[in-house]
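Enquirer: this one's structure only:
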């Protein structure tokens, strides 16, 4: 991908989610409404419930943490344990970080990374509301994580990797920061068939978690190349109904679906 296009994608994604953080309007899963008349808009809790979060989870986070931006529930596959260190790629307002903090307990630690300053500020404010001490939020890009080598037990992410124009670098750096035996457990969007070029180059669709979706085979190859083992990618066909509401009339559900993506860094935990 040409350097100029990558820069334009990063700017479009940063601007899109920066506006969402400031506006904090209703969401439509990954592509929360930020002024586009094309995008449907639904209450965040309704969206999150539809993609796998329980009522208990939704009620356990501070108000404003859930922006309805996900495409699945990585908590359901992460198998988090007390005392573990967790890193969330693209942590937004902190929703998944706060859920993870509850699971790893006071002896554990959760780090959220986001490239949008407005999101980092909102997440820190949300953490202050409930006095969480085992969560922190760091500014950074998911291709260049602000974390030390072999320092993380589990990486989670919710509908964020598809936004990156440098996905191989995302997986390479995730591998770097994971401890031997560390786990990758993310929810994301995959392409069920090749997307038309017009969709792949549409910045609104890229920012809306559609244009950047890759086929499962490509993601598997990237994970293998980064060094991961025990790779398991499972598309969730039931997600296509929800996805079809993101951009009404565009038939995007014919091309993409949500998926769970799991892998492990070889070595002993």
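Expert: Sure, I can see it. Note that the structure is predicted; figures quoted are calculated from it, not measured.

Enquirer: Every contact and neighbour count from this point should use C-alpha atoms.
Expert: Fine.

Enquirer: If I look at residue 35, what pLDDT would I see?
Expert: pLDDT, residue 35: 41.

Enquirer: again but with residue 27, I slipped
Expert: The per-residue pLDDT reported for residue 27 equals 44.

Enquirer: okay, which residue is most central for this structure?
Expert: residue 158 (2.6 Å; C-alpha atoms, centre = their mean).

Enquirer: What sits closest to it if chain neighbours are left out?
Expert: Nearest in space to residue 158, with sequence neighbours left out and distances taken as C-alpha to C-alpha, 6 or more residues apart in numbering, is residue 187 at 4.9 Å.

Enquirer: Buried residues in the longest helix seen in the chain, which are they?
Expert: In the chain, with assignment by DSSP state H, the single longest helix is helix 3-23. By 16 or more other C-alpha atoms under 10 Å, the buried positions in helix 3-23 come out as 9-10, 12-21.

Enquirer: Closest one of the residues you listed to residue 142?
Expert: Residue 142 lies nearest to residue 10 out of the buried residues of helix 3-23, by C-alpha to C-alpha, at 11.4 Å.

Enquirer: Just the pLDDT at that closest one, thanks.
Expert: With respect to pLDDT, residue 10 scores 90.

Enquirer: those helices in this protein, which residues are they?
Expert: Along the chain, counting by DSSP H, helices occupy 3-23, 44-50, 55-59, 75-78, 95-104, 117-130, 167-177, 197-200, 203-207, 216-226, 239-243.

Enquirer: Could you identify which of the ones you listed is most buried?
Expert: Scoring the helices of the chain by mean neighbour count under mean count of other C-alpha atoms under 10 Å gives helix 95-104 as the most buried, with a mean of 24.

Enquirer: angle of it against helix 117-130?
Expert: Using axes from the mean of the first three to the mean of the last three C-alpha atoms, to 10 degrees, the inter-axis angle of helix 95-104 relative to helix 117-130 is 40 degrees.

Enquirer: Which elements pack onto helix 95-104?
Expert: helix 75-78, strand 85-89, strand 109-114, strand 135-139 (3 or more C-alpha pairs under 8 Å, 6 or more residues apart in numbering; DSSP states H and E).

Enquirer: quick one: strands adjacent to the lengthiest strand in the chain?
Expert: Secondary structure of the chain per DSSP state E: the longest strand is strand 178-191. Strand 178-191 pairs in its sheet with strand 152-158 (parallel), strand 214-215 (parallel), strand 256-264 (antiparallel), by DSSP bridges.

Enquirer: Can you give me the buried ones in it?
Expert: Quick answer for strand 178-191 (16+ other C-alpha under 10 Å): 178-191.

Enquirer: now, among the residues you listed, which is nearest to residue 143?
Expert: Nearest member of the buried residues of strand 178-191 to residue 143, counting by C-alpha to C-alpha, is residue 178, at 13.9 Å.

Enquirer: tell me, which of the helices of the chain is the model least confident about?
Expert: Among the helices of the chain, helix 44-50 has the lowest mean pLDDT, at a mean of 67.
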